[in-house]
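# curious how this folds, go ahead:
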Amino acid sequence: MRVRIATLPGSADRPNEDHAVADAGTAVVVDGLTARTETHCVHGVAWFAAQLARDVRDAGDAAPREALRAGIARTAARHSGTCDLGAPATPCAAVGVVRVGGGLLRYAVLGDVSLVLGDEHVVSDQRVAEAARAQRAAAARLPLGSDARAAALVSMKRAEIAQRNRPGGYWTAAADHAAADHALTGEVPLRDLTHVALLSDGAARAVDPFGLTGWAGVLALLASDGPDALLARVRAAERADADATRWPRTKVSDDATAVLCHDLDPREDACASP
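Numbers count the residues shown, from 1 in each chain. Alright, predicted model coming up:
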C-alpha cells in the first residue's frame, strides 16, 4: 500500500491545524478543532494536532483504537506539566487511523474525519455537527468580518465545548485517552479495496456542503489526479462563494487534508509514502 498526502491551511495568516502522517503500515489524519476561546495551553491547536498524529502513528503494532488511546495519552503527557489539560477548551481534534497487516485494513475514526472505503462506504462520526447547531447557523447568517459574527462564533464554540466528551454530546481526542473508547472501528479485507481515503472535514466539503461530487467521484479524482487536485477544487468553490452566501458556513475557507492509500495488496503489510 502506498500513500499520497496533501494538506492546506484555511488561511495564510493562521497555522494549519490539520496534520497527516503515514509510515510502517499506518496512516493518520488529525483535524484540530479551532478553539476561539482560551485553551490554557502554551502550545496551541496546531502543535497538538501534529504531535498527536505522530504519537498515534508511533504506537507500535497496536490496533487502531489502542494506537489512538496510546497517542492521546502520550501527547497529554508531553504538555501536562506546562498546560492546564483540565480546561474545557484544552486542544482537541478529530482523528482517523488506518493500519494494514495480515491482509486486512483496520481503522478507528473519532470525530468528523471521513474514511472513504468505497463509493457508498464512508465512516465518520458527525455528532459534532449537532452540537451548538442553532448557534452555528446564527453565526453563519451574520456578515463576514463583523463584530457580531465574531461574538456569535465565540458563543457557538462555548456551547460546543459544553457538549464535548460527554454522554449525549460528541467525542474527540483531547487529554483523556478514554475518548478512544468512543471511536468507530472496523476492519476490511484488503482484497475488497482498491483505494482508501482519509479526509479532514475541510476536504470533505467537496461532497458536503459543496456537492461538487459524490464519494465515488472523490475516490476517482484522488486516484486519477491525486489529493492536491481535490483540495484545489475545494479551494475554487470557496473562492467562488467568498461571502459564504451560497453555502453558509462559519469558516469561509477551512484547513483541508486528503490522504489517498492506493496500490492495496493483501500480501503487503506496509504503508509507505511514494
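
# neighbouring contacts of the strand or helix carrying Val21?
Here Val21, judged by DSSP states H and E, is contained in strand 18-23. For strand 18-23, contacts defined as C-beta atoms under 8 Å, 6 or more residues apart in numbering pick out 3, 5, 7, 9, 27-32, 46, 49-50, 52-54, 57, 198, 200, 202, 255-257, 259, 261, 271-273. C-beta coordinates here come from the backbone N, C-alpha and C atoms, glycine included.

# how long is stretch 122-134 end to end?
With C-alpha to C-alpha, to the nearest Å as the measure, the ends of stretch 122-134 fall 26 Å from one another.

# which of the residues in it are buried?
Buried residues in stretch 122-134, counted by 16 or more other C-beta atoms under 10 Å: Val122, Val123, Ser124, Asp125, Arg127, Val128, Ala131, Ala132.

# so which of those residues belong to helices?
Arg127, Val128 (DSSP state H).

# doesn't Val28 lie inside a strand?
Yes - Val28 forms part of a strand when assessed by DSSP: H, G, I helix; E, B strand; the rest coil.

# what residues are up against Phe199?
I think there's a mix-up here, since residue 199 is Leu and not Phe. Contact partners of Leu199, counting by C-beta under 8 Å, 6+ apart, are Val29, Val113, Ser114, Val116, Val218, Thr257, Ala258, Val259.

# how about the residues you listed in TSV, adding distance to Arg158?
Output for the contacts of Leu199, formatted as TSV (distance: C-beta to C-beta, whole Å):
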residue	distance to Arg158
Val29	27
Val113	23
Ser114	26
Val116	32
Val218	33
Thr257	26
Ala258	31
Val259	32
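
# ok, longest strand in the protein?
The longest strand of the chain (DSSP state E) is strand 93-101.

# just checking, next helix/strand downstream of it?
Once the chain leaves strand 93-101, the next helix or strand it forms, by DSSP H and E, is strand 104-110.

# quick check: mean pLDDT across that next one?
For strand 104-110, mean pLDDT is 97.

# walk me through which strands that strand pairs with, and which way each runs.
Note on strand 104-110: by DSSP bridges, its sheet partners are strand 93-101 (antiparallel), strand 184-189 (antiparallel).

# still on that earlier bit, let me know the closest of the buried residues of stretch 122-134 to Cys92.
Proximity of the buried residues of stretch 122-134 to Cys92 (C-beta to C-beta) peaks at Val128, which lies at 10.2 Å.

# residue contacts, that closest one?
Applying C-beta under 8 Å, 6+ apart, we find Val128 in contact with Leu33, Ala94, Gly111, Asp112, Glu160, Tyr170, Thr172.

# separation between it and Val116?
Applying C-beta to C-beta, to the nearest Å, the value for Val128 to Val116 is 18 Å.

# got it, and Gln51?
26 Å.

# likewise for Arg14?
Arg14 is 27 Å from Val116, where distance means C-beta to C-beta.

# these two - which one has more neighbours?
Set Arg14 next to Val116 and count neighbours by other C-beta atoms under 10 Å: Val116 wins out with 24 against 12.
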